[in-house]
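Novice: Sequence and predicted structure are below.
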Amino acid sequence: MSSAQPRGPVDSSRVPRYAGPATFARLPRLDEVGIADVAVVGVPFDSGVSYRPGARFGGNAIREASRLLRPYNPAQDASPFALAQVADAGDIAVNPFDIGEAVESVQAAAGDLLDTGARLMTLGGDHTIALPLLRAVARKHGPVALLHFDAHLDTWDTYFGAAYTHGTPFRRAVEEGILDTSALSHVGTRGPLYGRKDLDDDERMGFGIVTSADVMRRGVDEVVQQLRERIGDRPLYVSVDIDVLDPAHAPGTGTPEAGGLTSRELLEILRGLAGCRLVSADVVEVAPAYDHAEITSVAASHTAYELTTIMARQIAASR
Ligand SMILES: N=C(N)NCCCC(=O)O
Ligand SMILES: [Zn+2]
Ligand SMILES: [Zn+2]
């Protein structure tokens, strides 16, 4: 844990927020503060996608869109960057031509950051990276509860015989024993599957599902209550595939599916997780080439902001 005073973002009343290179929320770089409570880290990797490529540019698009974030979060009544040292750790640069090597590199680099005592707020990249991130987190905390926001299950087995893809990270994670199978939830799933077996396999792995339609019918508060009961006080990892949002709210993604959550619903569900033991999180699958007016990267930046706020509040409360 950092002992230094949190540095916080550049003051946008003194330096226009559009000036200078973008770090997440205009926060300091990790090398400027030495050690952080929350390390925001990019993973420019999209060699695991099954459809449109381009999520390798997602992290930097989120950083650009995050210039407009302000230091006080009224929805959680907290100034996250004053409560904890949050810093931008830059990118984990991985091999785009060798998925296996990339997965190993992400695990190693994430492990190094976690070893400093930081929690990770990862900006993806495609969903393949959730596997090495979970491996690194489980090495520290043991099997973790998983809350997975996505249009897709991502518990498929292989694509073209490949085990490490953006459609398969959570099956691999269950196989490896790095998830607490009593607390696994998908939120926002929808759209066509390959067959009924996809759901049967998923259920057998231990996942509970709150579909996109469930969120609409049952409402955010009831969904939050159900999720919180399932999570309890377990260490929690939250993985947000931005395609959980409707393509109207997140057009800039690789495998869009109609009928998704609104950004308001997603942000409200996340806020409802305040107080959960959030040990690390990711936001993945932002593909800026398909975006318009930064709709997707703005939504992703706010998603990371809410998650970071939860972590910062918890760090401050445990001091
Ligand atoms: N993780 C994401 N975004 N998509 C998985 C889709 C896998 C498929 O093409 O069936
Ligand atoms: Zn998805
Ligand atoms: Zn996904």
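Specialist: Right, received. Where do you want to start? Ligands and ions are numbered 1, 2, ... in the order given.
Novice: Tell me where the stretch 51-200 of the chain has helices.
Specialist: Under the criterion DSSP state H, counting those that start in this stretch, the stretch 51-200 of the chain contains helices at 58-65, 80-83, 99-115, 130-141, 169-175, 196-205.
Novice: Only C-alpha atoms, please: export the fourth one in CSV.
Specialist: Listed next in CSV are the C-alpha coordinates belonging to helix 130-141 (Å, rounded to 0.1, in the frame of the first residue of the first chain):
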residue,chain,number,x,y,z
ALA,A,130,-9.3,-11.9,-18.4
LEU,A,131,-7.7,-15.3,-18.0
PRO,A,132,-4.2,-14.2,-17.2
LEU,A,133,-5.5,-11.4,-15.1
LEU,A,134,-7.6,-13.8,-13.1
ARG,A,135,-4.7,-16.2,-12.8
ALA,A,136,-2.6,-13.4,-11.3
VAL,A,137,-5.3,-12.3,-8.9
ALA,A,138,-6.0,-15.8,-7.8
ARG,A,139,-2.3,-16.4,-7.0
LYS,A,140,-2.7,-13.6,-4.5
HIS,A,141,-6.2,-14.1,-3.2
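Novice: what's near enough to touch Arg234?
Specialist: Val144, Ala145, Asp180, Ala183, Arg277 (C-beta atoms under 8 Å, 6 or more residues apart in numbering). (Each C-beta comes from the backbone N, C-alpha and C, glycine too.)
Novice: Cross those residues against strands and list the overlap.
Specialist: Residues from the contacts of Arg234 lying in strands, with DSSP state E as the criterion: Val144, Ala145, Asp180, Ala183.
Novice: a markdown table please, covering the residues you listed and showing pLDDT, neighbour count and distance to ligand 2.
Specialist: As requested, those are exported to a markdown table (pLDDT from 0 to 100; neighbours: other C-beta atoms under 10 Å; distance: C-beta to the ion, whole Å):
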| residue | pLDDT | neighbour count | distance to ligand 2 |
| --- | --- | --- | --- |
| Val144 | 98 | 26 | 20 |
| Ala145 | 99 | 26 | 20 |
| Asp180 | 98 | 21 | 22 |
| Ala183 | 98 | 21 | 21 |
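Novice: ok, which pair from those residues is furthest apart?
Specialist: Greatest spatial distance among these (C-beta to C-beta): Val144 and Ala183, at 8.3 Å.
Novice: Neighbours of the residue lying closest to Arg172 once chain neighbours are set aside, how many?
Specialist: Leaving aside its sequence neighbours, Arg172 sits nearest to Leu131 (C-beta to C-beta, 6 or more residues apart in numbering; 5.2 Å). For Leu131, the neighbour count with other C-beta atoms under 10 Å is 26.
Novice: Export the contacts of Arg234 as CSV, with columns for distance to Asp11.
Specialist: Output for the contacts of Arg234, formatted as CSV (distance: C-beta to C-beta, whole Å):
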residue, distance to Asp11
Val144, 36
Ala145, 37
Asp180, 42
Ala183, 41
Arg277, 32
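Novice: of the residues you listed, closest to Ser66?
Specialist: Nearest to Ser66 out of these is Arg277 (C-beta to C-beta; 24.8 Å).
Novice: residues touching the closest one, list them.
Specialist: Shown in contact with Arg277 (C-beta under 8 Å, 6+ apart): Asp233, Arg234, Pro235, Leu236, Gln314.
Novice: Below-threshold pLDDT in the stretch 151-300 of the chain: ranges please.
Specialist: Judged against pLDDT under 70, the stretch 151-300 of the chain has no low-scoring part.
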